[in-house]
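S.K.: what follows is a predicted structure for the sequence shown.
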Amino acid sequence: MDLVFNSEVAEAAEHGAEALQLAPASTEQQIMLLLVLLVPLAGFLLTGLVGRRLGRRPWIISVTAVLISAGIATVMAFGALTADEPMRIGFTLYTWIPAGPIEVAGHIVDLNIEFGFLFDNLTAVMFIVVTWIGALVHIYSIGYMEHDASKWRFFSYLNLFMFSMLLLVMADSYLVIFGAWELVGLSSYLLIGFWYTKRAPALASKKAFLVNRVADHGFLVGIMGVLLLTGTANVLESFAGFEHVDDLVQDVVVGLLFVGAAGKSAQFPFHVWLPDAMEGPTPVSALIHAATMVNAGVYFIARTSPLFATAPETMIAVASIGIFTAILAASIALTQKDIKRVLAYSTLSQLGYMFAALGIGAWMAAIFHLMAHGFTKGLLFLGSGSVIHSVDGEQDMDKMGALYKKIPITHWTFLFAALSLSGIPFFAGFFSKDAILAESFIFGYTPVFVVGIIVAAMTGFYMFRLMGKTFYGKSQVDPEVEPKIHESPRSMTTPLILLAIPTIFMGIVIGTGLFIGGPFFGSSMIAEWLDPIFAPANETMQLHGHEYDLIGIDGGLILASVAVAALGIAVGIWFFGFFGSRTRLDRVDAIAGRNRVTRFLYTASFNKWWFDDLNHLIFFRFGGVVANSVMWFDVKVVDGIVNGVGSATQSVGEGVRHIQTGRVQNYALGIAVGLIVIAALFILMAR
Amino acid sequence: MSQSLEAYLVLSVLLFGIGMFGFLAKRNAIAMLMSIELMLNAVNLAIIAFGAFTPEFAARASTFALFVIAVAAAEATVGLAIVIAIYRNRRTPLVDEYASMKE
């Protein structure tokens, strides 16, 4: 429904940027926003300090904290989203860094970095995604982490993450965003490496941190660029100043910001850290590495959309990398055996969709997909955790199968999420994915559209490959585990059911005109929410909408995307079965081994296109050689010179010290000889 | 008085050489001080001889000679005082025993 949104876009563009004015927050609003932020922080500190003494219920503080935070955030969000006028409020807590005067474009400007907050519909949407999924993951973790000895540490980290992520979406200045950006990175690191005594999680957490550091470097330089070019660290204030900057400089600075966003959202070539991050506990994978933190890059680009709109070349790069990541990750997801890795590559693929949407200026479609995917993928991960829990920690899908009768709640919620992710009407993912595909077609980005359609088919296939291998077909569970298979405790199934609700209904509610009295297609609630926010960027890019047309092109696009998704699903089902139906696993092997091309493709996909090996080669082997030669130079040459000066001085002193005998007459002899030499020279010169 | 400047200078050089040899060769601190006196007086003799043979320098040469005598006297006084002080400490006038400057 593609441009479901476009009529509003055009309308808003006519009104111009003045449609949305920043109003000071009232005292109550300030207190509520601060509470949303500070309650999880308090939960983190309390659980971190006294969690060990809470005995068998260390989750009590942090779950309460996150529920309070979610409650207040919901009140705030609904207040903003249902307001008649689009709302944008902000307030400054204090001046963080009074940096003093700097020169910007020939003027002297006072650079003061404020610690301030911003709340508008975009923040409200993020509030809903972050706090709701966060709260459900907290509750789920009560059951999932039941048997872990140091779960108080787990819950305190989760609260730290909630605080950081909420700070990230509320911050109004680049530097505060950067601080929150690093804090979410830290909590991600801590949680991936939660089982730090095992080797794989410890390495994975380090990998995630290092890859993010590389990207953050670009992000930081980009932020400095914006600071120097506009003379303000405030996100909203920076837009006006940035418009007058040289085109090339705009492209570079925005490109650097994009590097940071690509790192956090695991876009190519930074995508390598996310699949490894699955070594962390499954609730963490759901919350941080699927539903919220990895969306930070998408959020950031949406938040700074007017900056990105000024740099069309960089936008092309964003779209290209996004859609490339989408198909790359989808192709890897086709053959992975680990249930969580399939979902991880699926997350990469869907994030690629979002970046592609951002790159073509379909901001709203990106945020819509962020929401829909957040809930859907959160559900999928929590469901996979429930599956893993039921088969005694096994993650290999080759050792599952026929689970649908034994864990019915997990199965049904998982099925809904798989349908939603595949883009089947009228689940949430259908509306958001279709919005992206349709806008890419209508804005004239045919390659993005074509690849997007292919990825949609692949998505259907790998999701139903996963469904078939896990829930249907013949049971391949270890005979010892078989009798112990059980549905997860209620603390785990309740979040699944609650997440299934938005997964099923969210698209219909906010992606159509059904609940705002407009036409079903052609208007939508989320468009009403977000139009004002993206109006300035759309104005810069001069995007104009069109009227919605069900019989013509739009209907055709919907049909096309649903058809390819259904095709992918059908192929998946044909191979891997559905409920009682037969599986044809031998056929899969036959196709994969048929000739050299298919064998190559299968191996490439299974080995993740060798990106880890490439990185190993570049950074470990080759980088190791470079590092060793630099070290040789440092040790031998630099240190050699310094130490050489020292030891030369020492040995010269050692030799010369014999001259000092302490005997006056030796000294006098020296003087006498010197005198005679000088006299002789004098006489010779005088000749 | 001889009419040749060279004769005075040769005498002066001989005296200076004897003094220098005495200073370098003698082990006794007192003898070394005496050698210094000899060198000073050799220089004094040269100054006076130059003054006598070039009349325009005569006054200045006498002044210098007087200075040198005064300095020699002062030097002898201080030098002897130091030697006595060291002798009291070390119970020897022989300078090659005084090797503590090495440290």
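M.R.: All right, it came through fine. Numbering: from 1, shown residues only, chains lettered A, B, ... in the order given.

S.K.: helix, strand or coil for residue A:97?
M.R.: With DSSP: H, G, I helix; E, B strand; the rest coil as the basis, residue A:97 sits in strand.

S.K.: that one against residue A:113, yeah?
M.R.: Yes. Residue A:97 is within contact range of residue A:113, at 4.1 Å (criterion: C-beta atoms under 8 Å). Where C-beta positions appear, they are placed from N, C-alpha and C, glycine not excepted.

S.K.: packing partners of the longest helix seen in chain B?
M.R.: The single longest helix within chain B, with elements called by DSSP state H, is helix B:58-90. Secondary-structure packing of helix B:58-90 (3 or more C-beta pairs under 8 Å, 6 or more residues apart in numbering or on different chains; DSSP states H and E): helix B:29-53.

S.K.: let me know the angle separating the helix it packs on from helix B:58-90.
M.R.: Counting by axes from the mean of the first three to the mean of the last three C-alpha atoms, to 10 degrees, helix B:29-53 lies at 180 degrees to helix B:58-90.

S.K.: only the buried residues of helix B:29-53, if you could.
M.R.: The neighbour-count check on helix B:29-53 (16 or more other C-beta atoms under 10 Å in any protein chain shown) flags B:29, B:32-33, B:35-51 as buried.

S.K.: how about stretch A:560-576?
M.R.: A:560-562, A:564-566, A:568-569, A:571-576.

S.K.: what about the stretch 1-150 of chain A, any weak spots by pLDDT?
M.R.: In the predicted model, the stretch 1-150 of chain A carries pLDDT under 70 at residues A:1-19.

S.K.: quick one: buried residues of the helix or strand hosting residue A:452?
M.R.: Element membership for residue A:452 (DSSP states H and E) is helix A:446-471. Of the residues in helix A:446-471, A:448-449, A:451-471 count as buried by neighbour count, 16+ other C-beta under 10 Å.

S.K.: give me the mean pLDDT for that helix.
M.R.: Average pLDDT, helix A:446-471: 90.

S.K.: what of stretch A:158-169?
M.R.: What stretch A:158-169 shows for mean pLDDT is 93.

S.K.: how far away is the nearest residue to residue A:514 once chain neighbours are set aside from chain B?
M.R.: Leaving out its chain neighbours, the residue that sits closest to residue A:514 by C-beta to C-beta, 6 or more residues apart in numbering or on different chains is residue A:520, at 5.8 Å. According to C-beta to the nearest C-beta, to the nearest Å, residue A:520 stands 103 Å off from chain B.

S.K.: neighbours around residue A:520, how many?
M.R.: By the criterion of other C-beta atoms under 10 Å in any protein chain shown, residue A:520 has 15 neighbours.

S.K.: likewise for residue A:264?
M.R.: If we define neighbours as other C-beta under 10 Å, then residue A:264 has 28 of them.

S.K.: same thing with residue A:649?
M.R.: Neighbours around residue A:649, by other C-beta under 10 Å: 10.

S.K.: make sure it is indeed in a helix.
M.R.: Yes. Under three-state DSSP, residue A:649 falls within a helix.

S.K.: quick one: what helix or strand has the residue in the stretch 551-687 of chain A positioned nearest to chain B in it?
M.R.: Per C-beta to the nearest C-beta, residue A:662 is where the stretch 551-687 of chain A lies closest to chain B, at 3.0 Å. Here residue A:662, judged by DSSP H and E, is contained in no helix and no strand.

S.K.: and the angle from the helix or strand in which residue A:387 is found to helix A:446-471?
M.R.: Assigned by DSSP H and E, residue A:387 belongs to helix A:363-390. Angle of helix A:363-390 versus helix A:446-471, following the same axes, to 10 degrees, is 20 degrees.

S.K.: roughly how far is helix A:363-390 from the heart of the chain?
M.R.: Centre-to-centre, helix A:363-390 and its host chain are 13 Å apart (C-alpha atoms, centre = their mean, to the nearest Å).

S.K.: from what I see, residue A:153 and residue A:49 are in contact.
M.R.: No. Using C-beta under 8 Å, residue A:153 makes no contact with residue A:49, being 11.6 Å away.

S.K.: settle it for me: which of these two has more neighbours?
M.R.: Per other C-beta under 10 Å, whichever of residue A:153 and residue A:49 has more neighbours is residue A:153, with 18 against 11.

S.K.: ok, and the closest non-adjacent residue to the more buried one?
M.R.: With C-beta to C-beta, 6+ apart, the residue lying closest to residue A:153 is residue A:51, at 6.9 Å.

S.K.: okay, that neighbour and residue A:61: tell me how far apart.
M.R.: According to C-beta to C-beta, to the nearest Å, residue A:51 and residue A:61 sit 8 Å apart.

S.K.: repeat that for residue A:111.
M.R.: 40 Å.

S.K.: and the two? Which one has more around it.
M.R.: residue A:61 (23 against 17).

S.K.: thought residue A:44 was touching that one, still the case?
M.R.: No. Contact criterion C-beta under 8 Å: residue A:61 and residue A:44 do not qualify, at 9.3 Å.

S.K.: same for the top helix by length along chain A, what does it pack against?
M.R.: In chain A, with assignment by DSSP H, the single longest helix is helix A:199-230. Here helix A:199-230 is seen to pack against strand A:88-104, helix A:174-192, helix A:235-242, helix A:247-264, helix A:273-276 when contacts are counted using 3+ C-beta pairs under 8 Å, 6+ apart.

S.K.: pLDDT below threshold where in chain B?
M.R.: B:1-2, B:99-103.

S.K.: so how far is chain B from the residue nearest the centre of chain A?
M.R.: Of all residues in chain A, the one closest to the mean position by C-alpha atoms, centre = their mean is residue A:294, 1.8 Å from it. When distance is defined by C-beta to the nearest C-beta, residue A:294 is 73 Å away from chain B.

S.K.: any idea how far residue A:262 is from that residue?
M.R.: Counting by C-beta to C-beta, the gap from residue A:294 to residue A:262 is 11 Å.

S.K.: before we move on, what about residue A:567?
M.R.: Taking C-beta to C-beta, one finds residue A:567 at 31 Å from residue A:262.

S.K.: verify the stated contact: the residue of the stretch 551-687 of chain A closest to chain B with residue B:95.
M.R.: No. The criterion here is C-beta under 8 Å, and residue A:662 misses it with residue B:95 at 10.1 Å.

S.K.: for residue A:320, what are its contacts?
M.R.: Counting by C-beta atoms under 8 Å, 6 or more residues apart in numbering or on different chains, residue A:320 touches residue A:359.

S.K.: pull the CA atoms of the helix or strand it falls within into PDB?
M.R.: For residue A:320, the host element (DSSP H and E) is helix A:312-333. Output in PDB follows, covering the C-alpha atoms of helix A:312-333 (Å, rounded to 0.1, in the frame of the first residue of the first chain):
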ATOM      1  CA  PRO A 312      21.300  12.100  -3.100                       C
ATOM      2  CA  GLU A 313      24.500  10.200  -4.000                       C
ATOM      3  CA  THR A 314      24.800   8.900  -0.400                       C
ATOM      4  CA  MET A 315      21.100   8.000  -0.500                       C
ATOM      5  CA  ILE A 316      21.800   5.800  -3.500                       C
ATOM      6  CA  ALA A 317      24.600   4.100  -1.600                       C
ATOM      7  CA  VAL A 318      22.200   3.600   1.400                       C
ATOM      8  CA  ALA A 319      19.700   2.000  -0.900                       C
ATOM      9  CA  SER A 320      22.200  -0.200  -2.700                       C
ATOM     10  CA  ILE A 321      23.900  -1.500   0.400                       C
ATOM     11  CA  GLY A 322      20.500  -2.100   2.000                       C
ATOM     12  CA  ILE A 323      19.100  -4.100  -0.900                       C
ATOM     13  CA  PHE A 324      22.400  -5.900  -1.300                       C
ATOM     14  CA  THR A 325      22.400  -6.900   2.300                       C
ATOM     15  CA  ALA A 326      18.800  -8.000   1.900                       C
ATOM     16  CA  ILE A 327      19.600 -10.500  -0.800                       C
ATOM     17  CA  LEU A 328      23.000 -11.500   0.500                       C
ATOM     18  CA  ALA A 329      21.600 -12.400   4.000                       C
ATOM     19  CA  ALA A 330      18.500 -14.000   2.500                       C
ATOM     20  CA  SER A 331      20.700 -16.300   0.300                       C
ATOM     21  CA  ILE A 332      22.600 -17.300   3.400                       C
ATOM     22  CA  ALA A 333      19.500 -18.000   5.400                       C
END
